[in-house]
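A.B. asks: Predicted model follows, preceded by the sequence.
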Amino acid sequence: MMMLTAALLIILSMPVCASVAGAFVWVAHRNETADDSELLQHFLVALIVAMAILWGISRTDAVRMRLNPQLRIEAEIKKNAVYAAVDQFAPSDAKALRTFLGLRMARGETLSQALLEARTFLTQALNERLGFADQKSRLVWGRVAVDTLKELQARDPALCYRFMATQALDEQESTHALSAENSAAFQAAVIQLYQATNAGMQRHGLAPGDERVVFNDAALEFGAIQTDIEQNFGRSVADAVGQKALPLTPAVSPDLACSARIFQLQAMLKRPQGKAAMLIDSVLR
């Protein structure tokens, strides 16, 4: 398509420029008597000038993007704050994200729609990096997870459970199952988490403001939370959400499992910062 467009422009540019040059020469010399060679010379000069102007216009970014949608798509992606953060702090993720967004925009979706559909990719990519983030950023990620599960549960408990088990939504679910507010909060958290995880990879020791936590103390808190879940939802539900990896087929009611996971995450977020961050990391990563 791009080559066809370029060929058509080349073919059409000559008669267009010739028409402009001819009109210019006629206006400039309509009241004069000039021989053919002089008119031809003026015409050729005007034609060269017209073609030079047309060539210069064709090289501007606005025209190039108009003629080549791929350039427009790439420019739009690069200006996006979410993509810019991923590109700055995780180039390998950015390459995959750029391909994902570009393919969907090429088929007519807006960048906003494509970013909503990229939620599963971004969620899974950041969960793998979560342990490098500072404690406050991990808590931000945990709050987004709670709000997401609440919205999914209200829409369909089975969808909520599947997201718990896989951290994945299909493209239509990513676009329509969650509110605009949730999507905005998620994208803001993505920007913060990519920056935080990159800083954590470069850092030795705790981040400023982090609290030192003994693993056994966090484990005791996890056990206390599990006891509270058992008291509120029953032993089978507590066992179900206490697993590191949830089965695709729930052992208990999806609605109960989702409610228990929300309860679990909220209880974790109420703990002191250091313990809360370690607990959130253990559940989501």
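C.D. replies: Looks like it arrived, so ask away.
A.B. asks: hey, let's count contacts and neighbours off CA atoms from now on
C.D. replies: Noted.
A.B. asks: so residue 230 is in which element?
C.D. replies: Using DSSP states H and E, residue 230 maps to helix 215-233.
A.B. asks: Who are the packing partners of that helix?
C.D. replies: In terms of contacts (3 or more C-alpha pairs under 8 Å, 6 or more residues apart in numbering; DSSP states H and E), helix 215-233 is packed against helix 235-241, helix 254-269, helix 273-284.
A.B. asks: Next, the buried residues of the shortest one.
C.D. replies: With burial defined by 16 or more other C-alpha atoms under 10 Å, the residues of helix 235-241 counted as buried are 237-238, 240-241.
A.B. asks: Quick one: closest of the helices and strands packed on helix 215-233 to residue 196.
C.D. replies: helix 273-284 (13.4 Å; C-alpha to C-alpha).
A.B. asks: Now that closest one: buried residues?
C.D. replies: Quick answer for helix 273-284 (16+ other C-alpha under 10 Å): 273-281, 283-284.
A.B. asks: okay, these in JSON lines with pLDDT and distance to residue 216 next?
C.D. replies: Listed next are the buried residues of helix 273-284 as JSON lines, based on pLDDT from 0 to 100; distance: C-alpha to C-alpha, whole Å:
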{"residue": "273", "pLDDT": "96", "distance to residue 216": "16"}
{"residue": "274", "pLDDT": "95", "distance to residue 216": "13"}
{"residue": "275", "pLDDT": "96", "distance to residue 216": "10"}
{"residue": "276", "pLDDT": "96", "distance to residue 216": "13"}
{"residue": "277", "pLDDT": "96", "distance to residue 216": "14"}
{"residue": "278", "pLDDT": "95", "distance to residue 216": "11"}
{"residue": "279", "pLDDT": "96", "distance to residue 216": "11"}
{"residue": "280", "pLDDT": "96", "distance to residue 216": "15"}
{"residue": "281", "pLDDT": "94", "distance to residue 216": "15"}
{"residue": "283", "pLDDT": "93", "distance to residue 216": "16"}
{"residue": "284", "pLDDT": "91", "distance to residue 216": "19"}
